[in-house]
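Enquirer: turn this into a structure:
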Amino acid sequence: MQQRFEKALHGERQVVFLTGEAGIGKTTLIEAFVERVAADGVVWMGHGQCVDQYGAGEAYLPLLEALGRLCRTPGGRYLRPLLHRYVPSWLLQMPALLSAVELEALQHHAHGATQARMLRELAEAVEMLTAERPLVLVLEDLHWSDDATLAWLAYVARRREKARLLIIGTYRPVEARVRAHPVLTVVQELLQHGQGEELRLAYLPEPAVETYLMSRFARPSFLHHLARAIHQRTSGNPLFMVTVVDDLVRQGILYEDPKGWALLGTIEEVAARVPESLRQFIEQQLSQVSLADQAVLEAASVVGAVFSVAAVAAGMQHEEVDVETRCEALARREQLIRAQGIETWPDGTVAARYGFIHALYHEVLYHRVSSGRRIQLHQRIGTRKEAGYGKRAREIAAALAVHFECGRDARRALQYWQHAGDNMLQRCAHQEAIACYQHAFDVLQQCPVSRDRDKQAIDIHFAIYRACVPLGAYDRIMAVLREAESLAESLADPGRLGQLCSRLSYACRVMGNYDQAMTYARRGIAIGETIKDGAVQAQATYRLGQAYRILGDYQRASTCLRHIVHTHQGKAGQDNLYGFPSVFARAQLALCLAERGEFAEGIVHSAEGVRTAEAVNNPFGRIVSYGGIGGLYLRRRLPRRHPCTRLCP
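Expert: Below is the predicted model:
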């Protein structure tokens, strides 16, 4: 805009269209620009506002408003004589500026004025004005403009005479498209002929949101995280951002104490708020959409922030082509949603995909759906997507879990929350895995009390345990294992109780309670022998050997670990955490033998453990095996070039 102003100062008339949705910051940007260029006081500043008029509307309304404001400025005494001389027909439209005598005289002089004459007169007058002083003319909200104003704008933009003139017009493309307003045609023609330029405002990036917050609240420690949460919540829409922040301050959630600014509650809780004024603003935008389109958008909000036409059509039980036609029309107008390509499902379904422009649009629409209809939509959408993915349904387990939980299908919700947790665990997203398993547990509590329910609860606790181990969350581990132990004992389920003993032995050992660790391990061995379950016995024996090794009792540790090697060579364990029991036992045994100086036997066991782990491609087993052989080499102080080092990459 500054560059266009510089060109205007040299006599090249400039027309700039500033576009963007409501609240994007068009007016704020113009105010900042006008304040800058008007600082030296040698520029005419005209400002006209188009309004949403019913019927045909008043012709030239923003232009008349701009001229009237100019005449009322301190320099207006120079402007009125020019208007009287060059544009009497225009001055006649502003009777408040004239005396009764002047008004009567002008009415006689301007009698019979035509639209062509008025266009020409004002265009020439503007050029005369800019000869004395540059003119910046702002015309806001052209999507509400009358046809006459657009005709004058196009006429002035096409004139070739020199003029120190900068016209800035603003409009909202979405509303212009919804109304089929002629401003779109006028702008397009001017842009095609190089007689204007469009500047489209984008959303604020996350750093800009943080900059805004710093300007208001200095630098509290939580500012960076708050900026990220607000940006994710508002997509960087300036109006939404400011409204959310103002609401936080007004409600006392973001408050200032003697130490500085503080936050009441967590970042997530704060970001989840939707101020009522913002909700009403979004509702007003939704009111511009037909009821049929609103129904499609509401169903789409149940699918998610990004949705496929196939899922929406399934939820509504409508034809896909009808849903896609409506979505495509909305996206073409950039109204609430935007196109996001194509989505293909394993069953061959190919459907267009769309996404809500703002997360807040998605949320407000979702909460407009009645509870009963929402349950029904979730059920249908979940069932259709499950069928569409077939055997690969686990790939979208998290989405299916949400649909079936909200659709009150506890059985399938429980199944897919567990699958979702397993997916997260495979990606080493341990916190996310714990959250999924916790969802599964919460769904399970809604099921009738039964023996099977308690068994499933124990299995979910095992899954949470697996996710907690890499995080070192031992307090959480002990809590879930104790709860599982209580359930297993009440069920008199020796198999699960035996597995629990091994896990409790591990947890007690890493927390330094070695006596209890050995007690649980011995109990697990006894249970395994009683029920003749070799996997339970091997796990417990391994934990007992670990405890002995940590305490320095290498003889007993070696006895336990050799037993596993001899009885479980080549056998896979039932627990994913352990893989092949003999692999883990050999690694621990190698360390015990190294401490006793029995390096030859230790090398044999560690090398065999590495080969087995690599052969079955068990990542955790490989890690443990490499650690075992590496520890042995360190204790023996073997040189780097020793032939055995090839086994340890």
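Enquirer: rest of the way, CA atoms for contacts and neighbours
Expert: OK.
Enquirer: pLDDT weak spots in the stretch 1-150 of the chain?
Expert: For the stretch 1-150 of the chain, the stretches with pLDDT under 70 are 53-57, 75-78, 84-114.
Enquirer: cutoff 50 now
Expert: For the stretch 1-150 of the chain, the stretches flagged by pLDDT under 50 are 55-56.
Enquirer: quick one: the strands in it?
Expert: Applying DSSP state E, counting those that start in this stretch to the stretch 1-150 of the chain gives strands spanning 14-19, 44-49, 135-140.
Enquirer: quick one: closest of those strands to Ala401.
Expert: Closest of these to Ala401 is strand 14-19, at 41.1 Å (criterion: Cα to Cα).
Enquirer: how far out from the middle of the chain is that closest one?
Expert: Distance, stretch centre to chain centre, for strand 14-19: 32 Å (Cα atoms, centre = their mean, to the nearest Å).
Enquirer: give the other helices and strands that it contacts.
Expert: Contacting strand 14-19 under the criterion 3 or more Cα pairs under 8 Å, 6 or more residues apart in numbering; DSSP states H and E are the following elements: helix 2-9, strand 165-171, strand 197-200.
Enquirer: and the second one, which residues are buried?
Expert: Neighbour-count burial for strand 165-171 flags 165-171 (criterion: 16 or more other Cα atoms under 10 Å).
Enquirer: could the residues you listed go into TSV alongside distance to Gly528 and pLDDT?
Expert: Formatted as TSV, the buried residues of strand 165-171 follow (distance: Cα to Cα, whole Å; pLDDT from 0 to 100):
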residue	distance to Gly528	pLDDT
Leu165	91	94
Leu166	88	96
Ile167	86	96
Ile168	83	96
Gly169	81	95
Thr170	78	95
Tyr171	76	93
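Enquirer: turn the residues you listed into JSON lines, columns for distance to Thr28.
Expert: Below are these laid out as JSON lines (distance: Cα to Cα, whole Å):
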{"residue": "Leu165", "distance to Thr28": "21"}
{"residue": "Leu166", "distance to Thr28": "18"}
{"residue": "Ile167", "distance to Thr28": "17"}
{"residue": "Ile168", "distance to Thr28": "13"}
{"residue": "Gly169", "distance to Thr28": "14"}
{"residue": "Thr170", "distance to Thr28": "12"}
{"residue": "Tyr171", "distance to Thr28": "14"}
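Enquirer: so which of the residues you listed comes closest to Ala310?
Expert: Tyr171 (34.4 Å).
Enquirer: ok, the closest one - contacts?
Expert: 17-20, 140-143 (Cα atoms under 8 Å, 6 or more residues apart in numbering).
Enquirer: run the last query once more with 7 Å
Expert: 18-20, 140-143 (Cα atoms under 7 Å, 6 or more residues apart in numbering).
Enquirer: between the strands of the stretch 1-150 of the chain, which one is nearest to Glu283?
Expert: Glu283 sits nearest to strand 14-19 of all the strands of the stretch 1-150 of the chain, at 21.8 Å, using Cα to Cα.
Enquirer: which residues in the stretch 301-450 of the chain form helices?
Expert: Assigned by DSSP state H, counting those that start in this stretch, the helices in the stretch 301-450 of the chain fall at 309-316, 320-332, 359-368, 371-389, 397-406, 410-426, 430-444.
Enquirer: could you do the stretch 451-600 of the chain as well?
Expert: With DSSP H, counting those that start in this stretch as the criterion, the stretch 451-600 of the chain has helices spanning 451-468, 474-491, 494-510, 514-531, 534-550, 554-568, 581-595, 599-616.
Enquirer: for those helices, which one ends up most surrounded?
Expert: The highest mean neighbour count among the helices of the stretch 451-600 of the chain, using mean count of other Cα atoms under 10 Å, belongs to helix 581-595: a mean of 28.
Enquirer: other residues contacting that one?
Expert: Against helix 581-595 from outside (Cα under 7 Å, 6+ apart): 538, 542, 549, 554, 558, 561, 564-565, 568-569, 572-573, 599, 602-603, 605-606, 609, 612-613, 621, 624-625, 628-629, 631-632, 635.
Enquirer: pLDDT averaged over stretch 610-618 - what is it?
Expert: Taken as a whole, stretch 610-618 has an average pLDDT of 83.
Enquirer: what are the C-alpha coordinates of it, in PDB please?
Expert: The C-alpha coordinates for stretch 610-618 follow below in PDB (Å, rounded to 0.1, in the frame of the first residue of the first chain):
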ATOM      1  CA  VAL A 610      22.200 -61.000  19.000                       C
ATOM      2  CA  ARG A 611      21.800 -63.500  16.200                       C
ATOM      3  CA  THR A 612      18.400 -64.600  17.400                       C
ATOM      4  CA  ALA A 613      17.200 -61.000  17.900                       C
ATOM      5  CA  GLU A 614      18.400 -60.000  14.400                       C
ATOM      6  CA  ALA A 615      16.900 -63.100  12.800                       C
ATOM      7  CA  VAL A 616      13.400 -62.400  14.200                       C
ATOM      8  CA  ASN A 617      13.900 -58.600  13.800                       C
ATOM      9  CA  ASN A 618      12.700 -57.900  17.300                       C
END
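Enquirer: alright, that wraps it up for me.
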